[in-house]
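Peer 1: Sequence and predicted structure below; questions after.
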Amino acid sequence: MSFAKAAISKRRDRVIATLLTEKEYLCDDYLSKEISEELRRVILDEVNDLANFCIDVAVSLESGGVVFNE
């Protein structure tokens with residue numbers, strides 16, 4: 001695993017843990033169980049999608065396969 005992929009994965013895990021902890025602490029008392037579970041799913045899906053995109057970009061940059069307009 002490349003350094004970028006490992007770093008992004010580690011940061012993703014921290015972000016998910018922080019968001020879910022705050023959701024539980026600040027929101028769950030006001031949400032139904034169904035809504036709370038849906039919000040959890042959305043958080044996991046969206047953060048994972050963003051992390052996967054970042055990993056794809058980082059890997060492609062490392063391989064020289066992508067050129068960005070500076």
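Peer 2: The structure has been received and is ready for your questions.

Peer 1: Which neighbouring elements make contact with the longest helix seen in the chain?
Peer 2: Longest helix in the chain by number of residues (criterion: DSSP state H): helix 33-63. Packing partners of helix 33-63 (3 or more CB pairs under 8 Å, 6 or more residues apart in numbering; DSSP states H and E): helix 3-22. Using the backbone N, CA and C atoms, a C-beta is placed for each residue, glycine as well.

Peer 1: that older thread, could you give the mean pLDDT of the longest helix of the chain?
Peer 2: Mean per-residue pLDDT for helix 33-63: 93.

Peer 1: Just want the angle from it to helix 3-22.
Peer 2: Relative orientation of helix 33-63 versus helix 3-22 (axes from the mean of the first three to the mean of the last three CA atoms, to 10 degrees): 160 degrees.

Peer 1: I'd like to know how far residue 42 sits from residue 63.
Peer 2: The spacing between residue 42 and residue 63, counted by CB to CB, to the nearest Å, is 32 Å.

Peer 1: actually residue 36, sorry about that
Peer 2: Residue 36 is 41 Å from residue 63, where distance means CB to CB.

Peer 1: And for residue 55?
Peer 2: 13 Å.

Peer 1: hang on, the earlier thing: and residue 36 and residue 63? Which one has more around it.
Peer 2: More neighbours surround residue 36 than the other of residue 36 and residue 63, with 16 against 9 (other CB atoms under 10 Å).

Peer 1: Could I get the contacting residues of that one?
Peer 2: Residues near residue 36 by CB atoms under 8 Å, 6 or more residues apart in numbering: 23, 27, 28.

Peer 1: circling back to that earlier point, so for the longest helix of the chain, what gets flagged as buried?
Peer 2: Buried residues in helix 33-63, counted by 16 or more other CB atoms under 10 Å: 36, 39, 40, 43, 47, 51, 54, 55, 58, 59.

Peer 1: centre of the chain versus stretch 23-36, how much separation?
Peer 2: 20 Å (CA atoms, centre = their mean, to the nearest Å).
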